[in-house]
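> whatever this is, show me its structure:
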Amino acid sequence: MSGDSSTSDSEISACSSKFDPVKTLYSSRTLVPVENAPMYNSVDQFEASLQSKNTIVPVGHSELVRQQKEEKEKRQNEEARQLAEANRQRFAKYEAPTPRRPPPARTSKNVLHRIQDIDGPLAVLKQCVDQRLRVKVITRGAAGLRGELHANLIAFDKQWNLALTDVLEIWHKRAVTKRKIPPAVGAPVDKGTAAAMYPVPKVTEKPIGKGVWECRRHVPQLMVRGEHIVLINLVQR
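Alright, predicted model coming up:
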């Protein structure tokens, strides 16, 4: 009490120039100028509350803090909803499924299909196939020309592989002075059912002079590779 009695009113008055904060805290005669004044934790917090209203909440106002928190959550939820709506409208045109075209019907094409649209030099061969024209095919062997084929053309491709029917094959060969098969053995005889179903074509030989023989044989069907072909001529128009 002695310390309190020595304290003057001017020292505990906040409006006095002789105001002493320490004596004011420990004095029982201290009077608060404004009883409902807000309380802050520091001077910096008080200055911040003066600059930004309704942002810094004084001490003891828990209800106001709760309201500000709820308002902040509502504002964030509304911003998130607006952003989601803007994104939905932005990408709405891409959500609809694009019309899918049905796959084109696949047709297996072979040589007979492709020669229908062929052009260029091979168009003459297509004409032979369509009109059943007879052709003459010059073939080659390992050392030179081998012979010729007179046939009907059935099919071909871009590599000049030919499918022929009713083929007459003609080629030349030198006369054989010594027979490879001894006379005592005789000519070989065909055996088995394959020889009966598909007999080996018979070759006819005729001498044309200077030790050269002309050989002929008839083959019902024949496949000729393009690399063995030298020239193709039309025999019949």
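> relative to Asn110, how far out is the residue positioned nearest the centre of the chain?
Closest to where the C-alpha atoms of the chain average out (C-alpha atoms, centre = their mean) is Pro103, at 15.5 Å. Between Pro103 and Asn110 the distance is 21 Å, computed by C-beta to C-beta, to the nearest Å. For glycine as for every other residue, the C-beta is placed from the backbone atoms N, C-alpha and C.
> and what of Ala175?
45 Å.
> can you check Lys74 too?
74 Å.
> repeat for Lys72
76 Å.
> check Lys136 too.
Separation of Lys136 from Asn110 (C-beta to C-beta): 26 Å.
> rounded mean pLDDT for the helix or strand hosting Gln221, please.
Using DSSP states H and E, Gln221 sits within strand 212-224. In this model, strand 212-224 has a mean pLDDT of 92.
> hmm, back to that, more neighbours, Lys136 and Asn110?
Lys136 (16 against 9; other C-beta atoms under 10 Å).
> quick check, that one in a strand?
Yes. Assigned with DSSP: H, G, I helix; E, B strand; the rest coil, Lys136 falls within a strand.
> OK, contacts around it?
148-150, 232-235 (C-beta atoms under 8 Å, 6 or more residues apart in numbering).
> again, but for Leu125
Taking C-beta under 8 Å, 6+ apart as the test, what Leu125 contacts is 115, 153, 156, 232.
> next, count neighbours for the third one.
The number of residues packed around Phe156, counting by other C-beta under 10 Å, is 22.
> what's the mean pLDDT across the longest helix along the chain?
The longest helix of the chain (DSSP state H) is helix 62-90. Per-residue pLDDT over helix 62-90 has a mean of 85.
> export the next helix or strand after that helix to PDB, keeping only CA atoms.
For helix 62-90, the succeeding helix or strand toward the C-terminus, using DSSP H and E, is helix 92-95. Only the C-alpha atoms of helix 92-95 are listed here, as PDB (Å, rounded to 0.1, in the frame of the first residue of the first chain):
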ATOM      1  CA  ALA A  92     -17.800 -29.100 -73.100                       C
ATOM      2  CA  LYS A  93     -17.300 -29.400 -76.900                       C
ATOM      3  CA  TYR A  94     -14.600 -32.000 -76.400                       C
ATOM      4  CA  GLU A  95     -16.700 -34.300 -74.200                       C
END
